[in-house]
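1. here you go, sequence then predicted model.
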Amino acid sequence: MMTAMRQHPTTARVDPFLDRVLALHGADSYALVQILRDAQQRDGWLAPSTITYLAERLGMPRARVEGVAGFYSFLYTSPVGRYRVLFADNVVERMAGSEALLERLCTNLWIERGKTSEDGLVSVDTTSCTGMSDQAPSLLVNGRAIPRLSIERVDEVAELIREQVPLEAWPAALFAIEDNIRRTDVLLDAQFAPGDALRAGIARGRDDLLERAGNERSWRERVPALPQGPALTLEEIKHSNLRGRGGAGFTTGLKWEACRTAPGPMRHVVCNADEGEPGTFKDRVLLTRYADLLFEGMTVCAYVIGASSGFLYLRGEYEHLVAPLQETLARRRAAGLLGARIAGVQGFDFDIAIHLGAGAYVCGEESALIESLEGRRGVPRNRPPYPVTHGYRQQPTVVNNVETFCAAALVALHGGAWYRAIGTQRSAGTKVLSVSGDCARPGIYEYPFGVTVRQVLEDCGAQRPQAVQVSGPSGICIGAAEFDRQLAFEDLPTAGAFMVFDESRDMFEVARNFAHFFAHESCGFCTPCRVGTVLLCNVMDKLSEQKGSLHDLARIERLARLLQASSHCGLGHTACNPLVDTLKRFRPAYERRLQSTQFEPAFDLDGALARARAMTGRDDAGAHLGAVG
């Protein structure tokens, strides 16, 4: 765990505040994102002198530090207001009226959207999602979420900012967040006491009955053989057929086994709590109400694979959850469930640290998340190798999401056969859904796998639904004819988002919003995604202006094939999904925007000559293209 070699500072000045920040993180270059987040707290942004100072003290090229700071949307390299207001701007928030409320706040504060006031008091802008789609519209102010916005609430926020009331003195009711748990099953109804799953796993093997050192890793590295508990608990995870709940559905037991048998002296457990997909908020509730179950699942994983360190990668929008999560970790340490000799088992040493993201949707991809953990820009890695063999610090690492670790704790407690009996043959267990949009009861719903879309729509009170976006923008959009399909890996796999659109919604505008989301969130690493997502936005904007032709619809399909075939990571592969799906199922929404069925250039050359005509004083027919010849 050596950090970068230190260089002698080129400046003689000393900054006690920044030195304290560096000391808090051990002056470790791998913690650069956390260091930058903490350093920003003093001035609200990262001044050039701050970046230079940190680069010198960390022994890093200044360009690298500045590059990391410029990558994340919650790190600011130019001045912003003392009050930083960010309105959520995904399609569900817009459906709830966020745009009008944003304009009202800007009018109240005499400020333009995307700008900082001249006195440096406030800046107002948008962000993709705050994880509050069940209580939209919402905003963040200095990282704190305010849900259920109304005219009255927006006016109150404006007054508090004008009066320069410190954020900690704002009315607590503004920040009250509801869990909105509407339907529960085995996970959300779990009768669980901290340590239960660990003790069940340990009890599967006796300390005096050692695991045979038949696996190549133990023999080659001459490490002491462990009790049979880890191997037998792994067998229960495999027998359960638990699959990752992030959408891809890789078998959890096989992932853990690959990491357990990979060569290397150190192993790590990483929980991906960076649910940045618009319309997803289930992890927020699990982290609020079931943190012990999550940490138990991570510790069970550490017990199985022999890991000594763990990380909870928490999305930047959930900064308000850090303090209660730290309290839960402290309680577990005090109870002997984290730290040295966990549950009294010699050699079972494991602890968990919280890493707070800084606003980058692409970090939901596991290798990009690891890059961020290591203090770099969140650019996905080439694979193979995979994180199970070359993850954090190039060491074997398991990355699973919040729901997967919670389910793993239940499997360790009750056994694989119990869990496998729930759901379908290929999709064991239950799925937690984030239901939002046009429904009477948005919130959290847990179902056994195999539930139909129609059943969920009935339960959430959806009236006259015409479409459902399953698994967020990167998922699949289905129409009313498909509402009897099942939520399961063999039919409609989902990471959890379930967005409802009734018959009043324009599905073209829904897809257009998603197209702009992907263009904004592209990391920019590969040309197909960086350029292709912008081209998709241009086509959709052209269609929205009634200037499209059938050529543009065909162009969308060509761009989709290009991005799926050549993009570096999943973001580019899925960026076209909402456009292709809505074009297939709701084609009239596109066709009524066509100016003609013939090709028309997107660039209006005659319009571009308007300035020249004004300068020359000519506006006769001969000064217009197409007027002669």
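-> Nice, thanks for sending it over. What you are looking at is a predicted structure, and each value in this text was computed from that prediction instead of being measured. Residues are numbered from 1 along each chain as shown.

2. remind me what the strand or helix carrying residue 49 packs against, helices and strands.
-> Here residue 49 is covered by helix 48-58, with elements defined by DSSP states H and E. Packing contacts for helix 48-58, counted by 3 or more Cβ pairs under 8 Å, 6 or more residues apart in numbering; DSSP states H and E, involve helix 16-24, helix 32-43, helix 62-71. To be clear about C-beta, it is placed using only N, CA and C from the backbone, and glycine gets the same treatment.

3. can you lay out those helices as CSV showing mean neighbour count?
-> Formatted as CSV, these follow (neighbours: other Cβ atoms under 10 Å):
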stretch, mean neighbour count
helix 16-24, 14
helix 32-43, 20
helix 62-71, 18
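
4. make JSON lines out of the ones you listed and add mean pLDDT.
-> Output for the helices and strands packed on helix 48-58, formatted as JSON lines (pLDDT from 0 to 100):
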{"stretch": "helix 16-24", "mean pLDDT": "97"}
{"stretch": "helix 32-43", "mean pLDDT": "97"}
{"stretch": "helix 62-71", "mean pLDDT": "97"}
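
5. go through those helices and name the closest to residue 409.
-> Closest to residue 409 of those, according to Cβ to Cβ: helix 32-43, at 27.0 Å.

6. wait, what's in contact with residue 123?
-> Applying Cβ atoms under 8 Å, 6 or more residues apart in numbering to residue 123 gives the contacts 80-81, 83-85, 111, 115-117.

7. give me the buried entries from the residues you listed.
-> Buried residues within those, counting neighbours by 16 or more other Cβ atoms under 10 Å: 80-81, 83-85, 111, 116-117.

8. sort out which one of these lies nearest residue 101 for me.
-> Nearest to residue 101 among the buried ones among the contacts of residue 123, with distances taken as Cβ to Cβ, is residue 85, at 11.0 Å.

9. for the closest one, which non-adjacent residue is closest in space?
-> Closest residue in space to residue 85, ignoring its immediate chain neighbours: residue 124 at 4.7 Å, by Cβ to Cβ, 6 or more residues apart in numbering.

10. ok but that neighbour is inside a helix, no?
-> No - going by DSSP: H, G, I helix; E, B strand; the rest coil, the assignment for residue 124 is strand, not a helix.

11. sorry, back to before: got the helices and strands packed on helix 48-58 as TSV, with distance to residue 272 columns?
-> Formatted as TSV, those follow (distance: least, Cβ to Cβ, whole Å):
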stretch	distance to residue 272
helix 16-24	24
helix 32-43	15
helix 62-71	18
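
12. of all these, which lies closest to residue 504?
-> Here helix 62-71 is closest among the helices and strands packed on helix 48-58 (Cβ to Cβ), at 38.6 Å.

13. circling back to that earlier point, of all the helices and strands packed on helix 48-58, which one is nearest residue 397?
-> That would be, of these and by Cβ to Cβ, helix 32-43, which comes in at 17.3 Å.

14. other SSEs contacting that closest one?
-> Checked by 3+ Cβ pairs under 8 Å, 6+ apart, helix 32-43 has helix 16-24, helix 48-58, helix 62-71, strand 351-356 packed alongside it.

15. need the ones you listed in TSV (columns: distance to residue 257).
-> Shown next, in TSV, are the helices and strands packed on helix 32-43 (distance: least, Cβ to Cβ, whole Å):
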stretch	distance to residue 257
helix 16-24	37
helix 48-58	37
helix 62-71	34
strand 351-356	22
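
16. who touches residue 416 in this structure?
-> Counting by Cβ under 8 Å, 6+ apart, residue 416 touches 235-241.

17. what subset of those is buried?
-> 235-241.

18. helices - which of those land there?
-> Using DSSP state H, the subset of the buried ones among the contacts of residue 416 located in helices is 235-240.

19. which of those residues sits closest to residue 362?
-> Using Cβ to Cβ, those come closest to residue 362 at residue 237, 28.8 Å.

20. which secondary structure element contains the nearest residue to the closest one once chain neighbours are set aside?
-> Sequence neighbours aside, residue 253 is the residue nearest to residue 237 in space, at 4.2 Å (criterion: Cβ to Cβ, 6+ apart). If you go by DSSP H and E, residue 253 is part of helix 252-261.

21. name the SS class of residue 140, please.
-> Three-state assignment for residue 140 (three-state DSSP): strand.

22. ok, how many other residues are close to it?
-> 23 (other Cβ atoms under 10 Å).

23. what's the first-to-last distance across stretch 237-244?
-> Taking Cα to Cα, to the nearest Å, the first and last residues of stretch 237-244 lie 12 Å apart.

24. looking at the helices and strands packed on helix 32-43, spot the one closest to residue 287.
-> strand 351-356 (10.4 Å).

25. that closest one to helix 32-43, inter-axis angle?
-> 50 degrees (axes from the mean of the first three to the mean of the last three Cα atoms, to 10 degrees).

26. can you list the strands that strand 351-356 pairs with?
-> Using DSSP bridges, the strands paired with strand 351-356 are strand 309-314 (parallel).

27. picking that back up, relative to residue 202, which of the contacts of residue 416 is nearest.
-> Here the nearest of the contacts of residue 416 to residue 202, counting by Cβ to Cβ, is residue 236; it sits at 12.7 Å.

28. what segments of the stretch 51-200 of the chain are helices?
-> Along the stretch 51-200 of the chain, counting by DSSP state H, counting those that start in this stretch, helices occupy 62-71, 91-95, 98-109, 151-162, 196-203.

29. quick check: which of those helices is nearest to residue 553?
-> Checking the helices of the stretch 51-200 of the chain against residue 553 by Cβ to Cβ gives helix 91-95 as the closest, at 21.1 Å.

30. run through who's touching that closest one.
-> Helix 91-95 has contacts (Cβ under 8 Å, 6+ apart) with 87, 129, 133, 136-138, 278-279, 436-438, 499, 505, 509-510, 513-514.

31. which residues does the closest residue in space to residue 70 that isn't next to it in sequence contact?
-> Of all residues not flanking residue 70 in the chain, residue 77 sits nearest, at 5.6 Å (Cβ to Cβ, 6+ apart). Neighbouring residues of residue 77 by Cβ under 8 Å, 6+ apart: 45-46, 51, 66, 69-70.

32. relative to residue 466, which of the residues you listed is nearest.
-> Nearest to residue 466 among these is residue 70, at 41.0 Å by Cβ to Cβ.

33. the bottom helix or strand of this protein by mean pLDDT?
-> The helix or strand of the chain with the poorest confidence is helix 216-221; it has a mean of 41 (mean pLDDT, DSSP states H and E).

34. OK, contacts around residue 487?
-> For residue 487, the contact set (Cβ under 8 Å, 6+ apart) comprises 431, 433, 447, 449-453, 456, 470, 494.

35. out of these, which is nearest to residue 369?
-> Top of the list for closeness to residue 369, among the contacts of residue 487 and by Cβ to Cβ, is residue 494 at 20.1 Å.

36. OK, contacts around the closest one?
-> Counting by Cβ under 8 Å, 6+ apart, residue 494 touches 247, 431, 433, 470-471, 475, 487.

37. turn the buried ones among the contacts of residue 123 into CSV, including pLDDT.
-> Formatted as CSV, the buried ones among the contacts of residue 123 follow (pLDDT from 0 to 100):
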residue, pLDDT
80, 95
81, 96
83, 97
84, 97
85, 98
111, 96
116, 95
117, 95
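
38. dump the residues you listed to JSON lines, plus distance to residue 610.
-> Shown next, in JSON lines, are those (distance: Cβ to Cβ, whole Å):
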{"residue": "80", "distance to residue 610": "37"}
{"residue": "81", "distance to residue 610": "38"}
{"residue": "83", "distance to residue 610": "41"}
{"residue": "84", "distance to residue 610": "39"}
{"residue": "85", "distance to residue 610": "38"}
{"residue": "111", "distance to residue 610": "32"}
{"residue": "116", "distance to residue 610": "33"}
{"residue": "117", "distance to residue 610": "35"}
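
39. who are the contact partners of the residue nearest to residue 237?
-> Going by Cβ under 8 Å, 6+ apart, residue 253 touches 234-235, 237-240, 242.
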